[in-house]
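[1] generate coordinates for the sequence data below:
(2 chains)
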Amino acid sequence: MKKLLASLVVVNFLAACASTSQKVPDPAPTQTNTNPSKPYEQPTATPVESKKPDSFNMDPLKDPNNILSKRSIYFDYDKYDVRPDFSATVDAHSKYLNSNKNRKIKIEGNADERGSREYNLALGQKRAEAVKKSMSVLGVSEAQIETVSLGEEKPKATGHDEAAWTENRRADIVYDGE
Amino acid sequence: MNRLIRPLFVMALVLCNLANPAHADINIEIVGTNAQRFPIAVSGFEGEASLTQALTPIIRSDLDRSGLFKLIETGPAPLPSDPAQVNFPDWGKRGADSLLIGSVTDQGGQTAIRFRLFDVAQKRQLVGLEMRVKPGELRRAAHRVADVVYEALTGDKGVFSTRIAYVVKKGKTAHELQIADADGAGGQTILASRESIMSPAWSPDGSKLAYVSFEERKPIVYVQDLVTGSRRRAAAFKGSNSAPAWSPDGSKLAVVLTLNGLSQIYSVNVDGGSPVRLSKSHGIDTEPNYSPDGQSIVFTSDRGGSPQVYLMPASGGDAQRLTFEGSYNVSPRFSPDGKSITFIRREGGRFNVASLDLATRQTMILTTTELDESPSFAPNSRMILYATEQGGRGVLAAVSSDGRIKQRLSVQAGDAREPAWGPFTKQ
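    As a prediction, the model looks like this:
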C-alpha cells in the first residue's frame, strides 16, 4: 500500500510538470483497492494548480498548504466536544484515513495545568476519545485509531497564563512512523 | 542546642541534615495557630548533648509546628530528670501547664531515653516512658516522644513520627518521588525519572507505595517496596493506568483504566490478575479512595455534566452524588476516622481544599490559597496535607481539619507536588 501512495505522489508530480493537459498514465490503484465505492484518489482529480512548485513531492500530511498538516484540535476550558472550527481538520484526516486504510494514528489528549492531575489525565483521554468518535462517525475504522492521554504532564506551552492554558487544551493527531 | 523561644505566629525552621546530601530540606512556616494552645515547658534532656542528634529541639519544633502548643522557655541547661527536684510552683508561675523532663544514657551501643510528662498544677505525672533506640533512630525517637506528649495532652494520636510522600520536579524534565518525615526532614528519593510521576498512595501498613509513572511513555501503576526498594507493575493494561488506591486490608488496588476508551474505576489484586470493573458511566470516573471500613469508594465523576464527588459500594454499583455546590469538585479523600471527606473545590477561578462532614453534609472551605491540589489527611484526621502554588512554584502545605492552623512546607530547589500523608506505623 505504501508503494501505491508513492506512485500517486509521483503521478501528481508528473501531472503538475505537464504544462499542457497531457494524458497521465493511470497508476491502476483499483487493482489493490478492495472498496470500489471509494476509489483511490485519481491523479486527474487532484487540483494541481493549487500546489506550489516546492510542494510537489511533499507528503500531504506534511505539506503546510494541505489541511492534513494541521494536527491539533483545541478545546474550551473543561470541555471535550470538538468545536465546529475544527470539523474541517477532523474531516480531512478522516478522508485521508478512509483512503489510506494502512495508515494508523494516535490521538494524544492534553489538558491545561489547572486542577487535579488525575482528572486532567481523564479529561485528556476524553478529548482524544471525542476526536476518535468524530472520525468514527465519518467512517474511519476503530483499528486505525489509538487514543492516549498525556493529561497536563506534557505541556506544549510552559507558561502559567491564559495563552499557555489555551494552547495546552488540545488533542494532537500523530501518524504512525512519525 | 537550646535556643531562645522563637516568635510563634510566623516562624521558619530550616531543618537540615548535612550528613546526607541526598536529603531534601524543607522549610516549614506556620501561618496560623489555634487560639487555645497548651502551654508546655520542654526541658533539655540530661545527657543529650553527647548525642549526634539532640532530641528536645526536634520535640519542641514538632509540638510548636502543630499549632496546638505554646512553648514556655526553659533556659539552656537541662532540668534534673528526678521529679523530686522539680519546682512545680515556679513552672506554674512561668505559665506552663505541663512540663516534660528526661534523660538519655548509653546502654551498650543503644540509647536509652527516659522521659516524664507532668501536670504542673497537680504535680502529677501524666506519662513516664523509657525507649531504647539505635544511634541512627534518634530523630525518629524524638518524633515518638512528641507523639506521646501530643496524645497525652490532646487525646489524639500524634503524627510526628509518620511520613509523607511527594513528587519534586527539578528543571524541565527531572522528576523525583521522595519520602520524608512528617516535619519534612530526612527526605529521600525513592524514584528518579525523566518522565512524570504522580498519585503516590501508601499501603495501609506503610511498607509500600503505589504510584503512576510515565517512564514507559504512558501511565502505568507501580507498587514499590520501601524496605527492599523492589517494585513491579501493578496495573499495565491497554491504554492508561492511573489513580491507585489501596483497599484497607491491603489486598486490592482500585485503579483507573481506559479499557473501553473512557476512564473508569476497576479493582485489581495487588498480586496481579484481571481487572474487575467497579464504576459504570458514560463519562469520566476517576480518583477512587476507599472508606476506612472498606465498604465504600468515593470518587470523581463528570456523569452529571461537571466533575463532582460520588460515593459507591466498594464492590461497584449505584453511586450517590455527595457534592452539589460549584461546578468543579474533585480529588476526594476519606478522613481516617471516616467522618469526613476532603476534596478540591473550584470557585471563581480559585481551587481550594474543602471538607465535607458526612453526618451534617456541611461543606467548609479550609484554605485561602489559590491553586490547591491533592489533599490527603494525616492518619489522626486532624491535618490535611496538600499541594499549592506560591510565587509560581509548587509548594506543600497543611491545614488543620477545622481550617484554623495553616503550615507551608516548601521543598528547596524544585516544584513540590502530589503529596500523600502516610499511615501510622508500628514501632
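[2] beta-bridge partners for residue B:113, please?
    residue B:104, residue B:131 (DSSP bridges).
[3] count of neighbours near it?
    Residue B:113: 25 surrounding residues under other Cβ atoms under 10 Å in any protein chain shown. Placement of C-beta: from N, CA and C, glycine included.
[4] again, but for residue B:266
    Here the neighbour count serves as a burial measure; for residue B:266 (other Cβ under 10 Å) it reads 22.
[5] what's the closest residue to it other than its chain neighbours sitting at in phi/psi?
    If the residues on either side of it in the chain are set aside, residue B:266 comes closest to residue B:275, at 3.9 Å by Cβ to Cβ, 6 or more residues apart in numbering or on different chains. With angles defined as degrees, to the nearest 10, residue B:275 sits at phi -70, psi 140.
[6] so after the longest helix along chain B, what's the next helix or strand?
    In chain B, ranked by residue count with DSSP state H as the criterion, the top helix is helix B:138-154. Past helix B:138-154, heading to the C-terminal end, the next element that is a helix or strand (DSSP states H and E) is strand B:163-170.
[7] for stretch B:218-235, what does the pLDDT average out to?
    Looking at stretch B:218-235 alone, the average pLDDT works out to 95.
[8] now do the end-to-end distance for that stretch.
    The separation between the terminal residues of stretch B:218-235, taken as Cα to Cα, to the nearest Å, is 12 Å.
[9] do the same with stretch B:217-237
    Counting by Cα to Cα, the length from the leading to the trailing residue of stretch B:217-237 is 13 Å.
[10] same question for stretch B:196-215.
    Between the opening and closing residues of stretch B:196-215 there is a gap of 7 Å (Cα to Cα).
[11] briefly note if that stretch comes near chain A.
    Yes: for a cut-off given as Cβ under 8 Å from any Cβ of the partner chain, stretch B:196-215 has contacts with chain A, namely B:196, B:198-199, B:214.
[12] re the thing from before, in the longest helix of chain B, what's buried?
    The neighbour-count check on helix B:138-154 (16 or more other Cβ atoms under 10 Å in any protein chain shown) flags B:138-150, B:153 as buried.
[13] hang on, the earlier thing: so which of the residues of stretch B:196-215 next to chain A belong to strands?
    Counting by DSSP state E, the members of the residues of stretch B:196-215 next to chain A that fall within strands are B:198-199.
[14] by neighbours, which of the residues of stretch B:196-215 next to chain A wins?
    The residue in the residues of stretch B:196-215 next to chain A with the most neighbours, by other Cβ under 10 Å, is residue B:199 (26 neighbours).
[15] wait, it touches residue B:246, no?
    No: using Cβ atoms under 8 Å, residue B:199 is not in contact with residue B:246; the gap is 11.9 Å.
[16] using CSV, list the CA coordinates for the longest helix that chain A contains.
    Secondary structure of chain A per DSSP H: the longest helix is helix A:117-137. This file holds the C-alpha atoms of helix A:117-137, laid out as CSV (Å, rounded to 0.1, in the frame of the first residue of the first chain):
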residue,chain,number,x,y,z
ARG,A,117,-3.7,15.9,37.7
GLU,A,118,-5.7,12.7,37.6
TYR,A,119,-8.9,14.4,36.4
ASN,A,120,-6.8,16.2,33.8
LEU,A,121,-5.4,12.8,32.7
ALA,A,122,-9.0,11.6,32.3
LEU,A,123,-10.1,14.8,30.6
GLY,A,124,-7.2,14.4,28.0
GLN,A,125,-8.4,10.9,27.4
LYS,A,126,-12.0,12.1,26.9
ARG,A,127,-10.8,14.8,24.4
ALA,A,128,-8.9,12.1,22.5
GLU,A,129,-11.9,9.9,22.5
ALA,A,130,-14.1,12.8,21.3
VAL,A,131,-11.9,13.2,18.2
LYS,A,132,-11.9,9.5,17.7
LYS,A,133,-15.7,9.4,17.8
SER,A,134,-16.0,12.2,15.3
MET,A,135,-13.7,10.2,13.0
SER,A,136,-15.6,7.0,13.5
VAL,A,137,-18.8,8.8,12.5
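[17] got the buried residues for that helix?
    Quick answer for helix A:117-137 (16+ other Cβ under 10 Å): A:117-135.
[18] likewise stretch B:123-135?
    For stretch B:123-135, a neighbour-count test (16+ other Cβ under 10 Å) marks B:126-127, B:131, B:133 as buried.
[19] stretch A:69-77 now?
    Here stretch A:69-77 shows A:71, A:73-75 as buried, counting by 16+ other Cβ under 10 Å.
[20] before we move on, what about stretch B:226-240?
    The neighbour-count check on stretch B:226-240 (16+ other Cβ under 10 Å) flags B:226, B:231, B:234-235, B:237, B:239-240 as buried.
[21] likewise stretch B:371-380?
    Judged by neighbour count (16+ other Cβ under 10 Å), stretch B:371-380 contains these buried residues: B:371-380.
[22] what's the first helix or strand after the lowest-mean-pLDDT helix or strand in chain A?
    With mean pLDDT, DSSP states H and E as the measure, the helix or strand of chain A carrying the lowest mean pLDDT is helix A:2-17 (a mean of 39). Proceeding C-terminally, helix A:2-17 gives way to strand A:72-74 as the next helix or strand, assigned by DSSP H and E.
[23] one step back: okay, the angle between the longest helix of chain B and strand B:163-170?
    In terms of direction (axes from the mean of the first three to the mean of the last three Cα atoms, to 10 degrees), helix B:138-154 departs from strand B:163-170 by 120 degrees.
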